[in-house]
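S.K.: Structure for the following, please:
(one chain, ligands or ions: 2)
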Amino acid sequence: MSSYLVSYNKKMRSPEQAVAEIRSGDWVDYGNFACAPLTLDAALAARVHELEDVKVRAMTFPGLAAVAKADPSATRIIYNNWHFSGGDRKLHDAGNCFYIPFLFHEGPGHYDVIDSDAFLVAVAPMDERGYFNFGTSNSIQMAVARKAKKVIVEVNRNIPQCYGGFNEGIHIDDVDLIVESDHKPLFQLPSSTPSEIDTRIARLIMEEIQDGSCIQLGIGGMPNAVGKMIAESDLKDLGVHTEMLADSFVDMFEAGRITCKYTRYCPGKMAYTFALGSQKLYDFLDKNPFCASYSVDFVNKPSNISMNENMVAINNAVEVDLFGQISSESSGPRHISGTGGQFDYTFGAYHAPGGKSFICLSSTTKGKDGELISRIRPTFTPGSIITVPRTVTHWVVTEYGKVNLKGKSTWERAEALISIAHPDFRDELVEEAQKMGIWRAGDRKHKIQSQGLLLKTA
Ligand SMILES: CC(=O)SCCNC(=O)CCNC(=O)[C@H](O)C(C)(C)COP(=O)(O)OP(=O)(O)OC[C@H]1O[C@@H](n2cnc3c(N)ncnc32)[C@H](O)[C@@H]1OP(=O)(O)O
Ligand SMILES: CCCC(=O)O
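M.R.: Ligands and ions are numbered 1, 2, ... in the order given. Next up is the predicted model:
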């Protein structure tokens, strides 16, 4: 028996024995995204009545965290989160999930200054050299593991072995306790069919992508639509430098669009920090030397992103105001998701030679009573969080067109953004812009036409 197996057997515990190490007052970190520690979470939740003031930090938990469900009033276990999943959003709506603001690329560095008593994480089975692979979630995990006083892994043989890059796994010498999970299949994102609006937006972005461009796609239906369209195009030699690897990257690869031949920074590899999608994606990643996962301080660092020529970043937003500020993570004070890597890629891509960053959104959404609401707003609802400041915004795209805000004055921005608003809201937006002093002064009455730019003297 190898010395690693001897050590494995010594460190092996039941889930209940492992979480008995958690004490009242502890800060407990959870593995990120699909590698959240579901077995240990359930075991910790079962201890809710004997613990006090335990603080958990998770990131995009797949489903509803058992510790939060077990303590709906958040009095004994306080559940915090770096980036909300749909389940985290529900918990936040119910009052027992708290968001932690951060720029994703700064996440690992935050552990230089914050405490962690325990790190609970789902990992792939140990390999013959004693390494547990972090699978689909490289992210901030190595920084947490280095800081935590105890590292407890739960082994799940459905987690793919994802090659690095670096910081893609942890050695048994750095692990305190090991638990065998019940080996559930990894969480899968429901597949979405692009809407007609997604497709119109995707077409506008396709005009800006060229052979050899390096692609980042954000989370949500719209970036996925662009990925699908790229797969069906005749673009060649695309590169990949992205925070999240999603199913559409597999489609693009299988269609022969991706070679990473011209990627400057991680040549010949699809570089990413976490993956979330369907089993097709997880199978694609397993022991695939064409893919390299890196910790997020590397992949999302804006100066690294900007090393790639013709970098194209495509991300989704909730609302944009007439100043060009982007709100992508809340609606008023209702927290929806997080800043994640949106700022990192919007800033980094613009600074790449030939780089472009696109913030996409449908021009309208529907309110509770089914009424149409413009997503291009004069100002945000009080409490809405700004994810990208106006100084950093580059291109904004709706189904009515795309506008580049760089170098534009306040009135030019208002004109440009109103030109891509839904036609039913344009007059109202002009009136608001006038009141706000970001419309051209004078006695002429400006009218926005429904197609193209823009101003017509009445
Ligand atoms: C991994 C990477 O993405 S890389 C870097 C990018 N990171 C980011 O862009 C982070 C910020 N962006 C995001 O989180 C997402 O892109 C979003 C939230 C903007 C859009 O994501 P989608 O999955 O397409 O959003 P979806 O339409 O499902 O809406 C999510 C929630 O927001 C709510 N929402 C969306 N738009 C609005 C709006 N204009 N007003 C009010 N609520 C809204 C929806 O109602 C939904 O809430 P629910 O689940 O309670 O019904
Ligand atoms: C925390 C990362 C998720 C995102 O950027 O959207």
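S.K.: Helix or strand: which one has the residue in the stretch 1-150 of the chain positioned nearest to ligand 2?
M.R.: Here the stretch 1-150 of the chain gets closest to ligand 2 at one residue, His83, 3.4 Å apart by Cβ to the nearest ligand atom. Yep, even glycine has a C-beta here, placed from its N, CA and C like the rest. Using DSSP states H and E, His83 maps to neither a helix nor a strand.
S.K.: Just give me the neighbour total for Pro267.
M.R.: For Pro267, the neighbour count with other Cβ atoms under 10 Å is 12.
S.K.: Name the SS class of the residue of the stretch 301-450 of the chain found nearest ligand 2, please.
M.R.: Among the residues of the stretch 301-450 of the chain, Gly340 lies closest to ligand 2, at 2.0 Å counting by Cβ to the nearest ligand atom. Three-state call for Gly340 (DSSP: H, G, I helix; E, B strand; the rest coil): coil.
S.K.: just checking, what packs against the host helix or strand of Ile215?
M.R.: Taking DSSP H and E as the definition, one finds Ile215 inside strand 214-217. Here strand 214-217 touches helix 221-231, strand 239-240, helix 247-254, strand 311-316, going by 3 or more Cβ pairs under 8 Å, 6 or more residues apart in numbering; DSSP states H and E.
S.K.: Any figure for the gap between the residue of the stretch 301-450 of the chain closest to ligand 2 and Thr387?
M.R.: To Thr387, Gly340 is 8 Å away according to Cβ to Cβ, to the nearest Å.
S.K.: Ok, Arg129 next?
M.R.: If you measure Arg129 against Thr387 using Cβ to Cβ, the figure is 41 Å.
S.K.: and Ala292, which of the helices and strands packed on strand 214-217 is closest to it?
M.R.: Checking the helices and strands packed on strand 214-217 against Ala292 by Cβ to Cβ gives strand 239-240 as the closest, at 9.9 Å.
S.K.: still on that earlier bit, do the strand holding Ile215 and ligand 2 meet at all?
M.R.: No. Using Cβ under 6 Å from any ligand atom, strand 214-217 stays clear of ligand 2, with a minimum separation of 10.3 Å.
S.K.: where does the stretch 101-250 of the chain have low pLDDT?
M.R.: Within the stretch 101-250 of the chain, no stretch falls below the threshold (pLDDT under 70).
S.K.: all strands for it, in order.
M.R.: Applying DSSP state E, counting those that start in this stretch to the stretch 101-250 of the chain gives strands spanning 118-123, 131-133, 150-155, 169-171, 177-180, 214-217, 239-240, 244-245.
S.K.: one step back: I'd say the residue of the stretch 301-450 of the chain closest to ligand 2 and His83 touch.
M.R.: Yes. In this structure, Gly340 is within contact of His83 by Cβ atoms under 8 Å, at 5.3 Å.
S.K.: Compare the two (neighbour count), which wins?
M.R.: For Gly340 versus His83, neighbours defined as other Cβ under 10 Å are more numerous around Gly340 (27 against 24).
S.K.: so what's the more buried one up against?
M.R.: When contacts are counted by Cβ atoms under 8 Å, 6 or more residues apart in numbering, Gly340 touches His83, Phe104, Gly218, Ile219, Glu243, Glu329.
S.K.: Farthest-apart pair in the residues you listed, please.
M.R.: Glu243 and Glu329 (14.8 Å).
S.K.: how far away is Phe298 from Glu168?
M.R.: Distance, Phe298 to Glu168, by Cβ to Cβ: 11 Å.
S.K.: out of those two, which sits in the more crowded spot?
M.R.: Neighbours per residue, other Cβ under 10 Å: of Phe298 and Glu168, the larger number sits with Glu168, 22 against 19.
S.K.: confidence score at Lys356?
M.R.: Per-residue pLDDT puts Lys356 at 98.
S.K.: my read: it touches Glu309, true?
M.R.: No. Using Cβ under 8 Å, Lys356 and Glu309 do not qualify as a contacting pair, with a distance of 11.6 Å.
S.K.: Looking at the two now, which is surrounded by more residues?
M.R.: Shown here are Lys356 and Glu309; by other Cβ under 10 Å, Lys356 has more neighbours (20 against 17).
S.K.: and Glu180, how many neighbours does it have?
M.R.: Counted with other Cβ under 10 Å, Glu180 comes out at 15.
S.K.: Quick one: residues contacting the closest residue to it other than its chain neighbours.
M.R.: Of all residues not flanking Glu180 in the chain, Val155 sits nearest, at 5.5 Å (Cβ to Cβ, 6 or more residues apart in numbering). Neighbouring residues of Val155 by Cβ under 8 Å, 6+ apart: Ala122, Val123, Ala124, Pro125, Met126, Phe132, Ile178, Val179, Glu180, Ser181.
S.K.: Please enumerate the helices of the stretch 301-450 of the chain.
M.R.: Counting by DSSP state H, counting those that start in this stretch, residue ranges of the helices within the stretch 301-450 of the chain are 302-305, 342-350, 410-419, 426-436.
S.K.: returning to that earlier point: and of the helices and strands packed on strand 214-217, who's closest to ligand 2?
M.R.: Of those, the one closest to ligand 2 (Cβ to the nearest ligand atom) turns out to be strand 311-316, at 8.2 Å.
S.K.: when you scan the closest one, is anything in it near ligand 1?
M.R.: Yes. Using Cβ under 6 Å from any ligand atom, strand 311-316 reaches ligand 1 at Asn315, Asn316.
S.K.: ok, and what's touching that strand?
M.R.: With contact meaning Cβ under 8 Å, 6+ apart, strand 311-316 is reached by 205, 208-209, 213-223, 226, 241, 305, 328, 342, 345-346, 348-349, 352, 354-361.
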